[in-house]
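**Student:** here is my input, please return the structure:
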Amino acid sequence: MSEEREQRPRSQNPHRRRPPHWRPSGNRQERTESSRNVSGSVSVVIPLLNEEESLPELSRQLETVLERIARGRYEVIFIDDGSTDGSYNVIKDIHARNKRFKAVRFRTNHGKSAALAVAFEEASGDFVITMDADLQDDPHEIPALIAKLEEGYDLVSGWKRKRYDPWHKTMPSKLFNAVTSKMSGLKLHDFNCGLKAYRGEVTKTVQVYGEMHRYIPALAHWEGFRVTELPVQHKARQFGVSKFGMSRFLKGYLDLLTVMFTTRYIKRPLHFFGAVGSLFAVLGFATDLYLVIEKWLFQTPFSQRPFLLLFGIAMIIVGVQLISIGLVGELIVKNNLSQQRFSIRERLT
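**Tutor:** Numbering: from 1, shown residues only. Coordinates of the predicted model:
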């Protein structure tokens, strides 16, 4: 469903013929895929793990949509992340029918970030679409996502406004998205939606490793790319079970810290360590100063507040150490200035 909804005025004839790219859905009108051609080639990237039942239907839907909008200028890249069922055999059958469906098969499970990193290297399209293989992402959303890119954006992230997941997944997800938005400075409702559209230069610039696939929009935002989101339809899972457990939220928090360190502060480490260290040092100094004033005014010996005294001293020591780490980091950054990389948008020569 597109983010840009158009409402019929009250005085408009309800039986007036609607444009072909609109269809009624209950009491609402939802925009479906446009039949116009896209302005470039399209690569669809699909990481998967044990999804043999959903692959035939997914490939049929993708073929229908992509033939209509790309007219043969497309490829679909499956990344089999160590499946133990018959997923790869199904992919080989799909490839035999349509050579534009390609595949990379891992020997063992490496995770979604590794699958996306390999797929981004393989993808050759002007527009790159990522989606999950479980049929919860609707291929008919692809034209609307590309249309948003053609408005001038570099990355369009899907927003599953209405989700068909149990509460114990949706509630932590909302908290995760709120925290990530606050810390990254990028306001999105759904960072971890698998359905996203990229310009090709984004996938060649952003480095994905570990579990960083959750933060690709933030990484792209910090590289200077223009990022937005678009509400998309989310479907209930038809086959199999989810491959992600509750541990992903703890990993997601740790990965968020990694992203913050390796992007926002990698070229100015003293801004982080110096700020935290100064806070600790000031807190420790204020604690010990209070004890000194208390002893001077009320003749209270330090021996009556040993833990508070030790706390103040410890805070000062930790603060000084953090500031020192920041200074060492600054020296390392300055020593490696010749190796720094900048994201260049355009060049005129």
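**Student:** number of nearby residues for D85?
**Tutor:** Residues lying near D85 (other CB atoms under 10 Å) number 13. Bear in mind the C-beta positions are built from the backbone N, C-alpha and C, glycine included.
**Student:** all further residue positions should be reported with the first residue as 12.
**Tutor:** Got it, the first residue is 12 from now on, which makes the last one we talked about D96.
**Student:** wait, it sits on S65?
**Tutor:** No - D96 is beyond contact range of S65, at 11.3 Å (criterion: CB atoms under 8 Å).
**Student:** between those two, which contacts overlap?
**Tutor:** Here D96 and S65 have no joint contacts, going by CB atoms under 8 Å, 6 or more residues apart in numbering.
**Student:** can you pull the domain assignment for this protein?
**Tutor:** 33-275, 280-348 (automatic domain parsing).
**Student:** mind checking how far the longest one is from the chain centre?
**Tutor:** Going back to what we said before, that points to domain 33-275. Relative to the mean C-alpha coordinate of its chain, domain 33-275 is positioned 9 Å out (CA atoms, centre = their mean, to the nearest Å).
**Student:** now do the shortest one
**Tutor:** Going by CA atoms, centre = their mean, the spacing between the C-alpha centre of domain 280-348 and its chain's C-alpha centre is 37 Å.
**Student:** what about I157, which helix or strand?
**Tutor:** Taking DSSP states H and E as the criterion, I157 maps to helix 153-160.
**Student:** which helices and strands does that helix pack with?
**Tutor:** strand 53-59, helix 66-81, strand 138-141, strand 166-170, strand 207-210, strand 238-242 (3 or more CB pairs under 8 Å, 6 or more residues apart in numbering; DSSP states H and E).
**Student:** could you dump the ones you listed to TSV with mean pLDDT?
**Tutor:** Shown next, in TSV, are the helices and strands packed on helix 153-160 (pLDDT from 0 to 100):
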stretch	mean pLDDT
strand 53-59	97
helix 66-81	95
strand 138-141	98
strand 166-170	95
strand 207-210	97
strand 238-242	95
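**Student:** could I get these in JSON lines, plus columns for distance to I102 and mean neighbour count?
**Tutor:** Listed next are those as JSON lines, based on distance: least, CB to CB, whole Å; neighbours: other CB atoms under 10 Å:
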{"stretch": "strand 53-59", "distance to I102": "9", "mean neighbour count": "25"}
{"stretch": "helix 66-81", "distance to I102": "7", "mean neighbour count": "18"}
{"stretch": "strand 138-141", "distance to I102": "17", "mean neighbour count": "27"}
{"stretch": "strand 166-170", "distance to I102": "24", "mean neighbour count": "26"}
{"stretch": "strand 207-210", "distance to I102": "22", "mean neighbour count": "28"}
{"stretch": "strand 238-242", "distance to I102": "28", "mean neighbour count": "22"}
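**Student:** dump the ones you listed to TSV, plus distance to I88.
**Tutor:** Conversion of the helices and strands packed on helix 153-160 to TSV gives the following (distance: least, CB to CB, whole Å):
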stretch	distance to I88
strand 53-59	5
helix 66-81	11
strand 138-141	9
strand 166-170	18
strand 207-210	13
strand 238-242	22
